[in-house]
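A.B. asks: sequence first, predicted coordinates after that:
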Amino acid sequence: AQSVAQPEDQVNVAEGNPLTVKCTYSVSGNPYLFWYVQYPNRGLQFLLKYITGDNLVKGSYGFEAEFNKSQTSFHLKKPSALVSDSALYFCAVRDILRETSYDKVIFGPGTSLSVIP
Amino acid sequence: KAGVTQTPRYLIKTRGQQVTLSCSPISGHRSVSWYQQTPGQGLQFLFEYFSETQRNKGNFPGRFSGRQFSNSRSEMNVSTLELGDSALYLCASSSTSGFRTSTDTQYFGPGTRLTVL
């Protein structure tokens, strides 16, 4: 069965340090992978996605993520964390199942990131 | 340009009633996707419409339905409301079907907060 795991409910990092938010997945077909961020009282925003091609994907606000097919992971990274990066981060996968009409879209449970000044 | 708008922003209904939520995408966007967010189940994909056709569907009962109009505005309807339908309903727009190209970006509305009593 398809699934998305974000093994850490909470990640704390000091401002200026690199940050990583982890995501692993299980799919039946080919995956499209996404990261979203939800700031308090600001709704959900798209950060980046992997569709095909280069395994390293760059997105908004200096974030990037690396698709690792062998480890079925898509970890979100940023070289230098800002206090304003504190938010809830969601990983999602779209399982492209060519033999069916519908793709399965699954979200991870979310990881709360706190950047400490 | 104007962002994704959702109306109403807040709604209170009682069990057994039905509700219709509206989403207006960014001008020029033909794809609208709907999501449900609850504390217990997290983020879940409901369905996606592109050019007035349902292109993808999540695992929700038939009480949840949607449609898209020729101007790309979309409505979501929930019939026979249950307490568990209380949630934040989010819609997002993008220019391509399935949000499948590397360059396409998805934009979210502020959501409709539905409370079922």
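C.D. replies: That came in fine, so what should we check first? Since this is a predicted model, take the numbers as computed values, not measurements.

A.B. asks: quickly find the element holding residue B:66.
C.D. replies: strand B:64-68 (DSSP states H and E).

A.B. asks: kindly report the residues of chain B close to chain A.
C.D. replies: B:35, B:37, B:42-45, B:56-58, B:90, B:92, B:98-102, B:105-111 (Cβ under 8 Å from any Cβ of the partner chain). (Each C-beta comes from the backbone N, C-alpha and C, glycine too.)

A.B. asks: following the lowest-mean-pLDDT helix or strand in chain A, which helix or strand comes up?
C.D. replies: One helix or strand of chain A scores below all others by mean pLDDT, DSSP states H and E: strand A:104-107, with a mean of 90. For strand A:104-107, the succeeding helix or strand toward the C-terminus, using DSSP H and E, is strand A:111-116.

A.B. asks: touching chain B at all, that next one?
C.D. replies: No - interface with chain B: strand A:111-116 contributes nothing (Cβ under 8 Å from any Cβ), its closest point being 11.7 Å away.

A.B. asks: okay, strands next: where are they in chain B?
C.D. replies: Using DSSP state E, the strands found in chain B span residues B:5-7, B:10-13, B:19-24, B:31-38, B:42-50, B:53-57, B:64-68, B:74-78, B:87-94, B:107-108, B:112-116.

A.B. asks: would CSV of these with mean pLDDT be doable?
C.D. replies: Output for the strands of chain B, formatted as CSV (pLDDT from 0 to 100):
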stretch, mean pLDDT
strand B:5-7, 97
strand B:10-13, 98
strand B:19-24, 98
strand B:31-38, 96
strand B:42-50, 95
strand B:53-57, 91
strand B:64-68, 97
strand B:74-78, 98
strand B:87-94, 96
strand B:107-108, 95
strand B:112-116, 98
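
A.B. asks: where does pLDDT dip in chain A?
C.D. replies: By pLDDT under 70, the low-scoring segments of chain A are A:98-101.

A.B. asks: so which residues on it come close to chain B?
C.D. replies: Chain A comes close to chain B at residues A:32, A:43-46, A:49, A:51-53, A:90, A:92, A:94, A:102-103, A:105-110, as judged by Cβ under 8 Å from any Cβ.

A.B. asks: my guess is residue B:73 contacts residue B:27. True?
C.D. replies: No - with contacts counted by Cβ atoms under 8 Å, residue B:73 stays clear of residue B:27, the gap being 11.0 Å.

A.B. asks: out of the two, which sits in the busier spot?
C.D. replies: Taking other Cβ atoms under 10 Å in any protein chain shown, residue B:73 and residue B:27 do not tie; residue B:73 has more neighbours (15 against 10).

A.B. asks: follow-up on the earlier one: from the residues of chain A next to chain B, keep the buried residues only.
C.D. replies: Among those, those buried by neighbour count (16 or more other Cβ atoms under 10 Å in any protein chain shown) are A:32, A:43-46, A:49, A:51, A:90, A:92, A:94, A:103, A:105-108, A:110.

A.B. asks: and of the residues you listed, the nearest to residue A:5?
C.D. replies: Among these, residue A:108 lies closest to residue A:5 (Cβ to Cβ), at 6.3 Å.

A.B. asks: sorry, back to before: ok, residues contacting the least confident helix or strand of chain A?
C.D. replies: The contact list for strand A:104-107 (Cβ atoms under 8 Å, 6 or more residues apart in numbering or on different chains) reads A:2-4, A:25, A:27-28, A:90-95, A:97, B:42-45, B:56, B:58.
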